[in-house]
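**Student:** Let me see the structure of the following:
(one chain, ligands or ions: 1)
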Amino acid sequence: MKNVSIEFEKIRNQAKTLINQAQNLTTLETIRVDLLGRKGKLADLMVVLKDLSIEEKRTLGPLANQVKTELEELFQQKKNNLFNDSLRQEEEHYAGFDVTAYKTGHKKGSLHPYTQLTQKNIAIFTSLGFKISDGPEIETEFYNFEALNIPESHPARDMQDTFWIDVPGMLLRTHTSTVQIHTMQEGNLPIAVITPGRVYRQEATDASHDFMFQQLEGLVIDKNISMSHLLGTLKTWLHLIFNRNDLSLRIRPGYFPFVEPGIEVDVTCPFCTSGCSTCKKTGWIEMGGAGLIHPNVLKAGGINPEIYRGFAFGFGMTRLAMLIYGINDIRLLHSNDKEFLKQF
Ligand code: DAH
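**Tutor:** Model (predicted):
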């Protein structure tokens, strides 16, 4: 009997030490199963108890129960402590986590300079009553040349080095003037449209030339259109695009087969007062060509030149974008380089 009671004491002491040392809930559970489990050490001892005399059972029975309850309480207490510890650790871990300081890390995109300029042009011209017109970039010889009064063998065809396509008579449009004819053929008069778009020329590329660039074409057709309508429109556009009323236009005679008379349009350099590198010290910047539509072009578009007249202009938007956004290499505009585009 002495031995059995010693065994109980042993288990009690051993359990106390082990419970004390347990560092986490998993270890604690292993210890509990080992000592108090159905096949644990205490249960083994209970089996021995069965074979003892009644006297012995009387003393050892309560002792066994006492040890069991005591240990169960100890386990429960330790379990609570460990659980609270882990909660506290978790709280400490997240204590420095400030939800209000959380940044999503979203990167803000921006519109390409071309898109920004195009949107500005569209806003200005639609406010003047213009509509937006569009046409294909792969064109026929007819729309790019013939209909625009540039017959085959006309020297003006050499003015624009053309990308020809493997299909006979097909090319990449060299200017947005092609859309003039498409718009006229739609048959709705009067016409007031602009066409922003890409054009292609077979040119060697350098900082100021690329084989693709952007133009803005304008076309107005009505019964009594004159040069003053053209100049008034361009001047209004000029003041709005730079948001400055002090800028002026300068016109020089220019030859374009699809207009008569034809003019070259310059604008006062918006970047200086007495000559800078942008205007090459001239005080003027070339914008493009314009003029009153040639009767042959009206005819090609199915419009009677005896009744209708019109004006047209074609401005270089790549050049303008470079000027406005201070871009010194045209190739950057077409590079899709994120570091470059991030600036706009
Ligand atoms: N299409 C001409 C070019 O690309 C520019 C141009 C000149 C357009 C005169 C016009 C115009 O509409 O009237 O060089």
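
**Student:** Up against the ligand, what does the stretch 51-200 of the chain have?
**Tutor:** 175, 177 (Cβ under 6 Å from any ligand atom). No exception for glycine: its C-beta is placed from N, CA and C like everyone else's.

**Student:** count of residues packed around the nearest residue to Tyr308 once chain neighbours are set aside?
**Tutor:** Leaving aside its sequence neighbours, Tyr308 sits nearest to Ile221 (Cβ to Cβ, 6 or more residues apart in numbering; 5.4 Å). Neighbourhood size, Ile221 [other Cβ atoms under 10 Å]: 23.

**Student:** in terms of contact, does Ile221 touch Leu292 like I think?
**Tutor:** No. Using Cβ atoms under 8 Å, Ile221 is not in contact with Leu292, being 10.5 Å away.

**Student:** Find residues that contact each of the two.
**Tutor:** Common neighbours of Ile221 and Leu292, counting by Cβ atoms under 8 Å, 6 or more residues apart in numbering, are 309-310.

**Student:** just the strands in the stretch 151-300 of the chain please.
**Tutor:** Assigned by DSSP state E, counting those that start in this stretch, the stretch 151-300 of the chain shows strands spanning 170-172, 191-200, 212-222, 249-253, 259-268, 284-293.

**Student:** go on, the stretch 1-150 of the chain?
**Tutor:** For the stretch 1-150 of the chain, strands defined by DSSP E, counting those that start in this stretch occupy the ranges 131-132, 138-140.

**Student:** Looking at these, which one is packed in the most?
**Tutor:** strand 138-140 (a mean of 18; mean count of other Cβ atoms under 10 Å).

**Student:** model confidence over that one, on average?
**Tutor:** Across strand 138-140, pLDDT averages out at 97.

**Student:** and that strand, what does it pack onto?
**Tutor:** Counting contacts by 3 or more Cβ pairs under 8 Å, 6 or more residues apart in numbering; DSSP states H and E, strand 138-140 is packed against strand 170-172.

**Student:** now do 10 Å
**Tutor:** strand 170-172, helix 178-185, strand 191-200 (3 or more Cβ pairs under 10 Å, 6 or more residues apart in numbering; DSSP states H and E).

**Student:** Tell me the spacing between the closest residue to the ligand within the stretch 101-250 of the chain and Asp166.
**Tutor:** Closest contact between the stretch 101-250 of the chain and the ligand, by Cβ to the nearest ligand atom, is at His175 (3.3 Å). Using Cβ to Cβ, to the nearest Å, His175 is found at 22 Å from Asp166.

**Student:** Who has more neighbours out of these two?
**Tutor:** Set side by side, His175 and Asp166 show more neighbours around His175, with 23 against 5, by other Cβ under 10 Å.

**Student:** And the more buried one, how close does it get to Thr162?
**Tutor:** His175 is 10 Å from Thr162, by Cβ to Cβ.

**Student:** Quickly list what's touching both of these two.
**Tutor:** 139, 144, 200-201 (Cβ atoms under 10 Å, 6 or more residues apart in numbering).
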